[in-house]
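>>> My questions are about this predicted structure, shown below with the sequence.
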Amino acid sequence: MSNLVSILIPVYNARPWVERAIKSALAQTWSNKEIIAVDDASTDGSWDVLQAFASVVRIERVTINGGQNVTRNRLTELSQGEWLLYLDADDELTPDCVAQKMCCADEADAIYGTTNIQYFNGDVMVRSEVFPARVFEDPIAAAFHWKYPNTTSFMFRRSAVLEVGGWNEAIKNCTDYDLYFRLLVGAKRVGAAPDSVTIYRQWSRTQAVNEAPERKMLTRLELMWRIVLELESTGQLSPQSRESFASSALAVIRILYTRNTVRACHEHRRLASWNPSFAPQKNMFPSGYRFAYRIFGFRMAEIIAALTRFFRPRPWEFDFSR
């Protein structure tokens, strides 16, 4: 149905939040919508919450946990909408979120909005940050720098999702960016709707976003390598995207170094072999690190950086939370 929006909610152990997610979907001012929720074998009573909405939300339950992308693909199969919005069960939409995105629907295949990230300690919000949606001059370069928001902030044209193969069920991390990159490389139009706001919650160490940090960094690297090599082989890799990839890859390798030194050094050699002239950029890396890297190389620069952090703790320069 033209302009029908399917709000699709994958649910796994999100009992504290799923009611709010569903109510935020029901409260959308965009009337031409359907809401579908699939419970991915939750063990915390989330299914009980879903059943209370069975009269207004289509619900389904599976008995064997398949993971978020398996659930998203199932939701896609169940849906009828021209547009798909995958609302994570612990996130929330503001009332005109869909309507604001639909204002851009004629010029885009995927539309992202502004994100309000809320951090919780138990059920108490301790802080929040707002990241306004903005248009990027080089969308691929922005993706390498992880500038796009999380899945809930996006709405996708159904045909675009299907044309690039849907959600990748083989990975557990970076599931959103895996899809974003395929859309961008596939020349799909991506637009920004700054007045469309979603709430993205960080509330538990057991959330998928916080699982297996080493695996997350390795998945991120492999995803970026796959894209940069594909773009390079087809002559589509711009100088800006090339530099963005190298800088972002080094940033990920630096985090990996704190958990797996041997693998991080291996990944750095791979990067240096691909771009022998690469040097850390001023706008991304501290001056002391750039100097140590240039004079002593990657490993010694990391040793010096570790000593510096020990004596003068400082936060990471980059946000790789997703």
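Now that the structure is in, tell me what you want to look at. Keep in mind that this is a model prediction, so the values were computed, not measured.
>>> Kindly provide the whole-number mean pLDDT of stretch 90-104.
Per-residue pLDDT over stretch 90-104 has a mean of 97.
>>> How about that stretch, which residues are buried there?
Going by neighbour count (16 or more other Cβ atoms under 10 Å), the buried part of stretch 90-104 is 90-94, 96-102, 104. For every residue, glycine as well, the C-beta is placed using N, CA and C.
>>> repeat for stretch 52-67
For stretch 52-67, by 16+ other Cβ under 10 Å, it's Phe53, Val57, Arg58, Ile59, Gly66, Gly67.
>>> Also stretch 41-50?
Ala41, Ser42, Ser46, Trp47, Val49, Leu50.
>>> of all the buried residues of stretch 90-104, which comes closest to Gly122?
Asp90 (13.7 Å; Cβ to Cβ).
>>> What helix or strand is the nearest residue to the closest one once chain neighbours are set aside located in?
Excluding its sequence neighbours, the residue lying closest to Asp90 (Cβ to Cβ, 6 or more residues apart in numbering) is Trp17, at 4.1 Å. Take DSSP states H and E as the rule and Trp17 turns out to sit in helix 15-26.
>>> who are the neighbours in contact with Tyr257?
Going by Cβ atoms under 8 Å, 6 or more residues apart in numbering, Tyr257 touches Ala264, Cys265, Glu302.
>>> And the second one, how far from Met300?
Okay, so that is Cys265. 11 Å (Cβ to Cβ, to the nearest Å).
>>> hmm, back to that, tell me which entries of the buried residues of stretch 90-104 lie within strands.
The members of the buried residues of stretch 90-104 that map onto strands under DSSP state E are Glu92, Leu93.
>>> a markdown table please, covering the buried residues of stretch 90-104 and showing distance to Ile22.
Putting these into a markdown table (distance: Cβ to Cβ, whole Å) gives the following:
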| residue | distance to Ile22 |
| --- | --- |
| Asp90 | 12 |
| Asp91 | 11 |
| Glu92 | 10 |
| Leu93 | 10 |
| Thr94 | 15 |
| Asp96 | 17 |
| Cys97 | 14 |
| Val98 | 14 |
| Ala99 | 18 |
| Gln100 | 20 |
| Lys101 | 19 |
| Met102 | 20 |
| Cys104 | 25 |
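>>> Of the buried residues of stretch 90-104, which pair is most distant in space?
Asp90 and Cys104 (25.9 Å).
>>> what's the distance between Thr63 and Arg263?
Distance from Thr63 to Arg263, by Cβ to Cβ: 36 Å.
>>> do the same with Gln236
Gln236 is 29 Å from Arg263, by Cβ to Cβ.
>>> Who has more neighbours out of the two?
Taking other Cβ atoms under 10 Å, Gln236 and Arg263 do not tie; Arg263 has more neighbours (16 against 12).
>>> Got the confidence number for that one?
pLDDT, read off for Arg263, is 97.
>>> Tell me which helix or strand it sits in.
Secondary structure from DSSP H and E places Arg263 in helix 261-274.
>>> Same check on Met155?
Using DSSP H and E, Met155 falls in strand 154-157.
>>> Quick one: distance of that strand to the chain centre.
13 Å (Cα atoms, centre = their mean, to the nearest Å).
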